[in-house]
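Enquirer: Quick one: sequence and predicted model below, then my questions.
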Amino acid sequence: MLKLILCPHCNLSGFLILHGYLYGYSETDSNRIRRGHRIFCSNRDNKNGCGKTFSVLKSTFIKNFVITAITLWCFLDNLRKGLSLIEAFRQTASSMGETNSYRLFRKFKNNQVRIRTYLSHLKDPPRLKQVAAPTIQTIVHLKQVFSHSLCPICDFQHHFQTSFL
């Protein structure tokens, strides 16, 4: 399966091999866990590959964040329900500090245009009865597009093959 994928550096197929695991930290445990894979574009046999590596994260993780996609979804869903930033983050069962809620929300707010563009390819934005904040509209749109999912953020990352934030 990996041999059929194009290398993002040289755009050639047939040369990708698993190179190792990508480790990082978990929000609930201080031990390192496996978060994804390193992929190598082989240039050893016939010199056609570029020899570069790149990372592939599991869809349950958010790039550059220790927090998982499931925790982020719980946080955003709590915001949709009308809780404040701090209270919405407290409701998530995360052991991370509450100040992370501001950083997460700012990152989500800055990326919502990109997120809504992806979502609009699958389904038109929902018509809300009340005028809601743009961030709430984005959360509702995400929930509507991946309505049968336990974690729409995981499905977003898996479907579009891009990081949510």
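Expert: Arrived safely, thanks for sending. Here the structure is a predicted model, which means the values were calculated and not measured. Residues are numbered from 1 along each chain as shown.

Enquirer: Is residue 33 in a helix, a strand, or coil?
Expert: Using DSSP: H, G, I helix; E, B strand; the rest coil, the structure places residue 33 in strand.

Enquirer: so it touches residue 27, yeah?
Expert: No. Applying CB atoms under 8 Å, one finds residue 33 not in contact with residue 27, separated by 10.2 Å. C-beta coordinates here come from the backbone N, C-alpha and C atoms, glycine included.

Enquirer: So for those two, which sits in the more crowded spot?
Expert: Just comparing residue 33 and residue 27: by other CB atoms under 10 Å the higher neighbour count belongs to residue 27, 16 against 13.

Enquirer: surely the more buried one meets residue 95?
Expert: Yes. Between residue 27 and residue 95 there is a contact under CB under 8 Å: 6.4 Å.

Enquirer: in this protein, what spans have low per-residue confidence?
Expert: Within the chain, the stretches with pLDDT under 70 are 45-46, 131.

Enquirer: all helices for it, in order.
Expert: 69-80, 85-90, 100-122, 134-145, 152-160 (DSSP state H).

Enquirer: so which of those helices gets nearest residue 50?
Expert: Residue 50 sits nearest to helix 152-160 of all those, at 24.6 Å, using CB to CB.

Enquirer: Identify each buried residue in the closest one, please.
Expert: Going by neighbour count (16 or more other CB atoms under 10 Å), the buried part of helix 152-160 is 152-157, 159.

Enquirer: show me the contacts for residue 151.
Expert: Residues near residue 151 by CB atoms under 8 Å, 6 or more residues apart in numbering: 60, 69-70, 73.

Enquirer: With residue 128 instead?
Expert: Going by CB under 8 Å, 6+ apart, residue 128 touches 137, 140.

Enquirer: try residue 13
Expert: Residue 13 touches 3-7, counting by CB under 8 Å, 6+ apart.

Enquirer: Could you list the domains of the protein?
Expert: Here the domain assignment for the chain is 2-57, 69-160, based on automatic domain parsing.

Enquirer: Can you tell me which of those is most buried?
Expert: Comparing these by mean neighbour count (mean count of other CB atoms under 10 Å), domain 69-160 ranks first with a mean of 16.

Enquirer: Residue 136 contacts residue 79, correct?
Expert: Yes. The criterion here is CB under 8 Å, and residue 136 meets it with residue 79 at 7.1 Å.

Enquirer: I figured residue 55 hits residue 40, correct?
Expert: No. Counting by CB under 8 Å, residue 55 does not reach residue 40; the two are 11.1 Å apart.

Enquirer: Please report how far residue 102 lies from residue 88.
Expert: For residue 102, the distance to residue 88 (CB to CB, to the nearest Å) stands at 11 Å.

Enquirer: That's all I had, so thanks and see you.
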